[in-house]
Structures are given as C-alpha cells and as structure tokens.
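Asker: Here you go, sequence then predicted model.
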Amino acid sequence: MRKYLSGLMYSAIILAFFSWEYSIYLQLALASLTIFGLIWGVARSDIRFDVIIQPYSLMMLLLVIWAFTSIFWVADRTSWIISNGILAVTLIYGVSLSWLIREKLFRQHLSLVIIGIMMVHHVIGWFEVLTNQQYGSAERWSFDWLRQLHNPMLFFGNINDFALLCFFGLIFIMCWHPLDDKLRDMDGQYFSGFRTFENYSKTKTLALVSFKLLMTVSSLLLIYFANARGILFAAAYAMVFYLILHIKSAWLRRIVILFLGFICLVTVLMVYTDILDALWQDGSFVIRYNLIRNGWHHLKGSHYLGVGAGNTEYYMEHFNYYYTGGYRVMHNWWMGMLVEYGLPFFILYGVYHARVFLYAYYLAVKYDSQTGKWVATWLLGFIVAGFIPNTLFNFVWFWFIHNFVFVWFEYRLSTMELTDRALGLEFKLNYKLKQFSEWLERKLVKE
C-alpha cells in the first residue's frame, strides 16, 4: 500500500512541475487512484484517521467545502469547476502525504525528488538566460523542439512564477542536509547552516557545501535575471532572518532584530517620497494597485463572502472599475484568496499561517529545529513573495509546495517531545482532534 501511494505521489509531483495544457486530466486520474488507495488502506487498518486528520487537512477540507458552496452565487461555472477540481486534487494529495511522510525512507526520497526538480529547472533557466531567449516569444527559439514549448520560462509561462519556484528552492536548499551516507530529514539535532559535518569526511563536506552554495547563488541569480524584484527582496530578508535564527542567545537575537528593524524604518522614512515616486512611475505597480482596488470592489459587492472559486478573472474582465491594461488575473496570492473565498475564510487562513509561523519560530529558537527554521523562513518570505506571482490558484505545482511545507511541519510538530507548553491551548485542541479521530475509527470498524 505504501509503495502504491508513494509511486502515485512521485508521479503527481513530477507531472505538476513539468506540466502542459492538458496535464490536469492526468492529475485527476492520479488523484482518483490515490482515493482508491486511501480507502483501501483505511479498510485494511493500514491508515489511521488520527494520522491523516491534521489541522492542515481540516483547513483544506473547509476550503473545498466553501469553494463548492460558492456554486450558488458564481457567475462563471466553468472556471468554478476547474478551480474545485484543483482544490480537490490538492486535498487528496495532502491527506495521502500526511500518511506517507511518517516513513523516513519516503521523506528521504521526497527530498531527493524536490532537489532533482530544482536542478532540472535551474539548468533550463540558465539555458534560457545564456541564450538570451528567456523573455522572447516562441518564435525566437533556435530549435524546433524548443519552439513548440511556447513558454519563455519553461513549464511556467511567467517569469514571476519561475522566480517563486527558485525562491522556494533557495530556502529548501539552505536548510536541507544529509548525514553519513543516508539522506536524513531536517531535524534539529543534525547539520544546521553551512558548518562542517561531524561524521563527514572533508571531501564529502566540501562537496556538499559547494553544492549548497552553488544552488543558493544560482537561485539568487535566476531570480535577478527573471527581473522579479519583489521576490528578490523577499529572498534577501528571508536569508537574513534565517541567519538570525542561528543566534543562540535570545537577548542578542532580539537586539539584532530590533536593530535591523530600526535601520529599515529609518531608511524608509528618509527616502519614502523617492520610493513612492519611483513606484508610481512603474506601470507594473500601478496595474497591480488597480487590480487590488478592483478586487476590493468585487469583494464588497459579494458582501465579503467572495466572488466564488475561480471567478476573479470573470469579474476583472466584465466589471473593470480601474485601468489594469487588460490584465484579468489578480497577480497577488493574498488578495486573490480574499476576493475568491471571502473574508471569513481569509481570516481562518491567516490565523493558520500565523499559528504555523509562531510554532515554527518557537521550535527553531527553543529546540534548534531545522524544520522550524525552514518553515518559519519560507512563511516569512512568502508574505512578500505572495504579492508578486501571476496567479497560483490554478497551478498544481504551487499547491504541492503548499502541501509539502505544511504537512511536513505538522508531522515534525507531532513527533517533537516538547519540554514545555508555550501554546497550551493548541496542544489541547490537537488532543481533542486525536480523540475524535480514534472515536471515528472505532465507529467505522464496528460498522
């Protein structure tokens, strides 16, 4: 059963990051096979409900239910169907991942798959940069087989989406590390940062550190060449935050954070007029600003319940209050979430993000958890990076990143033997959730 679901998961991940126009149908087929495997596993008692029912799974289930309910007020039902299909696929893969990730071998292989995907996209990105063909039309490609791919940033079609993938790879590579001759997951007691491995030979240590540095520099340069200024800024302050997490002294860490915050505040206050002038002269910023204003009008028109799953583009096209240069996509993950799914779910989603970030930061500074450092750095960086990409709601590759980060963190949190209870209410809620899962499992067995 585990091999069956693992094979489906690896296939789905590779397909998501190397997709084409009709690959969503293959994703639906793989998701259907995954449902069959999950039901079979539950029937055989191989899969327990307390393992797959996690806070993240419940949040995604609520999103799917709310998105499905929006059928009663959506204007474009075709887009609604597509959006609900992608959300359903995300939920199914998230539940499957919640069970699979508990096996060490799967975590090792999953890390290798993610790193392999990043390496392939880096090679493709550098080919596009070095041949000076990354921003041109399809006709500028030199080879017929490349000319058929149509997208300048291969498999993405948008340079900001490609830059976001490079940003995720940057954070993951900084935190990933093996130990001895086996690839281990990111646990606090293992390697942290770029220090030398205790159990590694000098040659292996040099090779690994060189690889991490090469991928880090490559990620930053590709983000720069993609001209994704917002994501480059997010990468810069995320890396600074990651380094701050390695400061052992709590008071020194707070002093550094306050000092850097003070420097940033003074800098902004001194040059904010120049910054605003530069932004208003940037046509891209003006269009993004007007997209947000249009989105806010549509949100108010829906009584803050959202325009419905997949319907933002319809409203942007047919009810355009402010000039957007013909753009229909929100170009903003956070505003897109608010406009499509409404204020109630946006608040729930924001609370969950805050909860995960606070826990990740707590595990990073209290227990030196590498997973905590990785998740906290990614979530903090994505606060800004989420304002930049074209649109992410209809891309399975981003939802895989979404699942990967939160499911991995939920697993690590469940296995940590914490010596105190900084957020006691959270542990009580998790305990009640586990009791409910066990009750549901006993109920189904009796029936």
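Answerer: Received it, and whenever you're ready, just let me know what you need. Residues are numbered from 1 along each chain as shown.

Asker: all helices of the stretch 1-150 of the chain, in order?
Answerer: 2-17, 23-43, 49-52, 55-69, 77-100, 104-130, 144-147 (DSSP state H, counting those that start in this stretch).

Asker: Count the residues that sit near residue 312.
Answerer: Using other CB atoms under 10 Å, residue 312 is surrounded by 29 other residues. The C-beta positions use only the backbone N, C-alpha and C, and glycine is treated the same way.

Asker: Now do the same for it: its pLDDT.
Answerer: You'll see residue 312 listed with a pLDDT of 88.

Asker: pLDDT below threshold where in the stretch 251-400 of the chain?
Answerer: Within the stretch 251-400 of the chain, the set of residues satisfying pLDDT under 70 comprises 267-283.

Asker: Show me the longest helix that occurs in this protein.
Answerer: Using DSSP state H, we find that the single longest helix of the chain is helix 333-367.

Asker: rewinding a little: same list, the helices of the stretch 1-150 of the chain, but as JSON lines with distance to residue 397 and mean pLDDT please.
Answerer: Formatted as JSON lines, the helices of the stretch 1-150 of the chain follow (distance: least, CB to CB, whole Å; pLDDT from 0 to 100):
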{"stretch": "helix 2-17", "distance to residue 397": "4", "mean pLDDT": "90"}
{"stretch": "helix 23-43", "distance to residue 397": "10", "mean pLDDT": "87"}
{"stretch": "helix 49-52", "distance to residue 397": "23", "mean pLDDT": "72"}
{"stretch": "helix 55-69", "distance to residue 397": "17", "mean pLDDT": "92"}
{"stretch": "helix 77-100", "distance to residue 397": "11", "mean pLDDT": "91"}
{"stretch": "helix 104-130", "distance to residue 397": "9", "mean pLDDT": "87"}
{"stretch": "helix 144-147", "distance to residue 397": "21", "mean pLDDT": "40"}
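
Asker: Just tell me which of the ones you listed ends up closest to residue 215.
Answerer: Proximity to residue 215 (CB to CB) singles out helix 104-130 among the helices of the stretch 1-150 of the chain, at 7.0 Å.

Asker: Can you point out the buried residues in that closest one?
Answerer: By neighbour count with 16 or more other CB atoms under 10 Å, helix 104-130 contains the buried residues 106-107, 109-111, 114-115, 117-118, 121-122, 124-125, 128-129.

Asker: With stretch 91-104 instead?
Answerer: Applying a neighbour-count criterion of 16+ other CB under 10 Å, one finds 91, 92, 93, 94, 95, 96, 97, 98, 99, 100, 101 buried in stretch 91-104.

Asker: Just give the number of residues close to the spatially closest residue to the fifth one that is not a sequence neighbour.
Answerer: Put plainly, it is residue 95. Excluding its sequence neighbours, the residue lying closest to residue 95 (CB to CB, 6 or more residues apart in numbering) is residue 52, at 4.9 Å. Residue 52 has 19 neighbouring residues, counting by other CB under 10 Å.

Asker: Residue 52 reaches residue 101, doesn't it?
Answerer: No - Residue 52 is beyond contact range of residue 101, at 10.7 Å (criterion: CB atoms under 8 Å).

Asker: residues contacting the residue nearest to residue 95?
Answerer: 38, 95, 98, 99 (CB atoms under 8 Å, 6 or more residues apart in numbering).

Asker: and which of those is nearest residue 233?
Answerer: Nearest to residue 233 out of the contacts of residue 52 is residue 98 (CB to CB; 33.2 Å).

Asker: Please name the nearest non-neighbouring residue to the closest one.
Answerer: residue 52 (4.8 Å).

Asker: same deal with residue 319?
Answerer: In this structure, residue 319 finds its nearest non-sequential neighbour in residue 298, 6.7 Å apart by CB to CB, 6+ apart.

Asker: again with residue 224
Answerer: residue 232 (6.0 Å).

Asker: distance of residue 363 from residue 312?
Answerer: Residue 363 is 35 Å from residue 312, where distance means CB to CB, to the nearest Å.

Asker: one step back: same for the longest helix of the chain, what does it pack against?
Answerer: helix 55-69, helix 283-301, helix 312-318, helix 370-385, helix 396-415 (3 or more CB pairs under 8 Å, 6 or more residues apart in numbering; DSSP states H and E).

Asker: which stretch of helix or strand covers residue 240?
Answerer: Per DSSP states H and E, residue 240 falls inside helix 229-244.

Asker: Identify the residues contacting that helix?
Answerer: For helix 229-244, the external contacting residues (CB under 8 Å, 6+ apart) are 160, 163-164, 166-167, 170-171, 174-175, 219-220, 223-224, 253, 256-257, 260, 373, 376-378, 380-385, 387-388.

Asker: how distant is that helix from the center of its chain?
Answerer: Distance of helix 229-244 from the chain centroid (CA atoms, centre = their mean, to the nearest Å) equals 16 Å.

Asker: Buried ones in that helix, by neighbour count?
Answerer: Neighbour-count burial for helix 229-244 flags 230, 231, 232, 234, 235, 237, 238, 239, 241, 242, 244 (criterion: 16+ other CB under 10 Å).

Asker: Hey, what's the angle from it to helix 333-367? Just curious.
Answerer: Inter-element angle recorded for helix 229-244 and helix 333-367: 10 degrees (by axes from the mean of the first three to the mean of the last three CA atoms, to 10 degrees).

Asker: Residue numbering should commence at 418 henceforth.
Answerer: Got it, the first residue is 418 from now on, which makes the last one we talked about helix 646-661.

Asker: can you give me the mean pLDDT across helix 646-661?
Answerer: Rounded mean pLDDT across helix 646-661 is 88.

Asker: Report the angle between it and helix 700-718.
Answerer: Per the same axes, to 10 degrees, the angle that helix 646-661 makes with helix 700-718 is 90 degrees.

Asker: Return the alpha-carbon coordinates of helix 646-661 using PDB.
Answerer: Extracted C-alpha coordinates of helix 646-661, given in PDB (Å, rounded to 0.1, in the frame of the first residue of the first chain):
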ATOM      1  CA  ARG A 646      12.300  42.500  -7.800                       C
ATOM      2  CA  GLY A 647       9.800  41.700  -5.100                       C
ATOM      3  CA  ILE A 648      10.800  38.100  -4.900                       C
ATOM      4  CA  LEU A 649      14.500  39.100  -4.800                       C
ATOM      5  CA  PHE A 650      13.700  41.400  -1.900                       C
ATOM      6  CA  ALA A 651      11.800  38.600  -0.200                       C
ATOM      7  CA  ALA A 652      14.800  36.300  -0.700                       C
ATOM      8  CA  ALA A 653      17.200  38.800   0.800                       C
ATOM      9  CA  TYR A 654      15.300  39.500   4.000                       C
ATOM     10  CA  ALA A 655      14.400  35.800   4.300                       C
ATOM     11  CA  MET A 656      18.100  34.800   4.200                       C
ATOM     12  CA  VAL A 657      18.800  37.500   6.900                       C
ATOM     13  CA  PHE A 658      16.000  36.100   9.000                       C
ATOM     14  CA  TYR A 659      17.400  32.600   8.600                       C
ATOM     15  CA  LEU A 660      20.800  33.700   9.800                       C
ATOM     16  CA  ILE A 661      19.300  35.400  12.800                       C
END
